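[1] pasted the sequence and its predicted model underneath.
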Amino acid sequence: MSGGLVALLDDVAAIARLAAASIDDIGAAAAKAGVKAVGVVVDDTAVTPRYVTGFSPDRELPIIWRIARGSLRNKIVFILPVALLLSEFLPQAMTPILMLGGAYLSFEGAEKLIEAVRGGHEEKTATEARLSSAEHEKQMVSGAIRTDFILSAEIMAISLAEVASEPFAQRAIILVVVALLITALVYGVVGLIVKMDDIGLRLAQARTGAGRAVGRGLVKGMPVVLGALGTIGTAAMLWVGGHILIVGLADFGWHAPEDLLHDLSHGAAAAIPALGGLITWLVETLGSAVVGLIVGLAVVGLVHLLPRRGKAAH
């Protein structure tokens, strides 16, 4: 079963393969590994902008830079050494660790969904308003880096699986290249997204009518885009978390959820052959999101139930 948005990005994969053909073996392997992780990269890009909304324009890029540094530290300092050592000496541990990460992503996505339904976002905003600007910024950066850790672990695990046959030292170099390129891609795009309204404001002050029209369109449209990205980010947590769990269960020998999604997606695609790839992706993504939501709600229930039991025991 394909994960993330990889099934919709064949053109990107083809371009990467053509580029890889003209560079050395390490570059080619890094491109191959990175393409396989594109789906999670898109999810990461959708999740991150919500951590930057609400700040003054002059703080947006510094915050993104702090999150990007944290993301790179996650990949290279923490995830890479552990992933390499586990793949070398204890490969069977990779799946349960990834599944724990998938459960955490599902938990975060479910919590965000509950907040949206209950209107908890307003209460949270009021609480954040009572924090100083520095405290609020630190809180949001820390939250973004924690979420990034799980997505980065999935990216590195997918990339590692693609170069598992390479020698240890070459694997390490390839994954460092992947970490650098993907971090630059994700946070470069995020920076462009969050500053698009400022670009629109500059264009709105242009002398030409066309420039002003485009600028006004960007200024009016970007709040809608950022709001949509917040929704996509929550959905991404659920579908990536659910996908990790489904694949992990299959690795442990329980193929029923994966087989069910495979049958449903291919059955739906057969009904509309012209949109087969899109339909397959939509069904698999929706199915993964449903699994992520079920697991996430269960974890939310446990997290809120355990403190109550602790109080009752006292």
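    Thanks, I have the structure now.

[2] what helices and strands are in contact with the helix or strand hosting residue 172?
    In this structure, residue 172 is located in helix 168-204 according to DSSP states H and E. Packing partners of helix 168-204 (3 or more CB pairs under 8 Å, 6 or more residues apart in numbering; DSSP states H and E): helix 25-36, helix 38-47, helix 57-73, helix 80-89, helix 133-162, helix 209-251. For glycine as for every other residue, the C-beta is placed from the backbone atoms N, C-alpha and C.

[3] can I get these in a markdown table including mean neighbour count and distance to residue 264?
    What follows is the helices and strands packed on helix 168-204, written out as a markdown table (neighbours: other CB atoms under 10 Å; distance: least, CB to CB, whole Å):
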| stretch | mean neighbour count | distance to residue 264 |
| --- | --- | --- |
| helix 25-36 | 21 | 24 |
| helix 38-47 | 25 | 19 |
| helix 57-73 | 17 | 34 |
| helix 80-89 | 15 | 32 |
| helix 133-162 | 20 | 23 |
| helix 209-251 | 19 | 12 |
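
[4] same list (these) but as TSV, adding distance to residue 195 and mean pLDDT.
    Below are the helices and strands packed on helix 168-204 laid out as TSV (distance: least, CB to CB, whole Å; pLDDT from 0 to 100):
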stretch	distance to residue 195	mean pLDDT
helix 25-36	25	55
helix 38-47	14	62
helix 57-73	6	90
helix 80-89	30	90
helix 133-162	17	84
helix 209-251	9	84
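
[5] tabulate the ones you listed (JSON lines), appending distance to residue 179.
    Formatted as JSON lines, the helices and strands packed on helix 168-204 follow (distance: least, CB to CB, whole Å):
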{"stretch": "helix 25-36", "distance to residue 179": "10"}
{"stretch": "helix 38-47", "distance to residue 179": "12"}
{"stretch": "helix 57-73", "distance to residue 179": "6"}
{"stretch": "helix 80-89", "distance to residue 179": "7"}
{"stretch": "helix 133-162", "distance to residue 179": "7"}
{"stretch": "helix 209-251", "distance to residue 179": "18"}
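
[6] looking at those helices, which is nearest to residue 188?
    Among those, helix 57-73 comes nearest to residue 188, with 8.7 Å by CB to CB.

[7] and the closest one, what does it pack against?
    helix 133-162, helix 168-204.

[8] would you turn those helices into TSV with distance to residue 59?
    Below are the helices and strands packed on helix 57-73 laid out as TSV (distance: least, CB to CB, whole Å):
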stretch	distance to residue 59
helix 133-162	7
helix 168-204	10
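
[9] ok, which of these comes nearest residue 76?
    Shortest distance between residue 76 and the helices and strands packed on helix 57-73, using CB to CB, is found for helix 168-204: 5.4 Å.

[10] picking that back up, what average pLDDT does the helix holding residue 172 get?
    For helix 168-204, mean pLDDT rounds to 86.

[11] with stretch 118-128 instead?
    55.

[12] what sits against the closest residue in space to residue 187 that isn't next to it in sequence?
    With CB to CB, 6 or more residues apart in numbering as the criterion, residue 187 has its nearest non-adjacent residue at 3.8 Å, and that residue is residue 68. The contact partners of residue 68, by CB atoms under 8 Å, 6 or more residues apart in numbering, come to 183, 186-187.

[13] how close does residue 68 get to residue 61?
    The gap separating residue 68 from residue 61 is 10 Å, by CB to CB, to the nearest Å.

[14] okay, the angle between the helix holding residue 172 and helix 57-73?
    170 degrees (axes from the mean of the first three to the mean of the last three CA atoms, to 10 degrees).

[15] any idea of the angle helix 168-204 forms with helix 80-89?
    Put simply, helix 168-204 runs at 140 degrees to helix 80-89, going by the same axes, to 10 degrees.

[16] just the buried residues of helix 168-204, please?
    171-172, 174-175, 177-179, 181-183, 186-187, 189-191, 193-198, 200, 203-204 (16 or more other CB atoms under 10 Å).

[17] over to stretch 288-297?
    288-289, 291-293, 295-297.

[18] now do it: distance to the chain's middle.
    Offset of stretch 288-297 from its chain centre (CA atoms, centre = their mean, to the nearest Å): 16 Å.

[19] which residues sit against it?
    Outside of stretch 288-297, the residues within contact range by CB under 8 Å, 6+ apart are 3, 102-103, 105-111, 113, 235, 237-243, 245-246, 257, 261.

[20] give the contact list for residue 257.
    Residue 257 sits in contact with 246, 249-250, 291, where contact means CB under 8 Å, 6+ apart.

[21] which two in the residues you listed are spaced the farthest apart?
    Pairwise distances across those peak at 12.1 Å for 250 and 291 (criterion: CB to CB).

[22] what's the nearest residue to residue 303 if we skip its chain neighbours?
    Nearest non-adjacent residue to residue 303, counting by CB to CB, 6+ apart: residue 107, 7.2 Å away.
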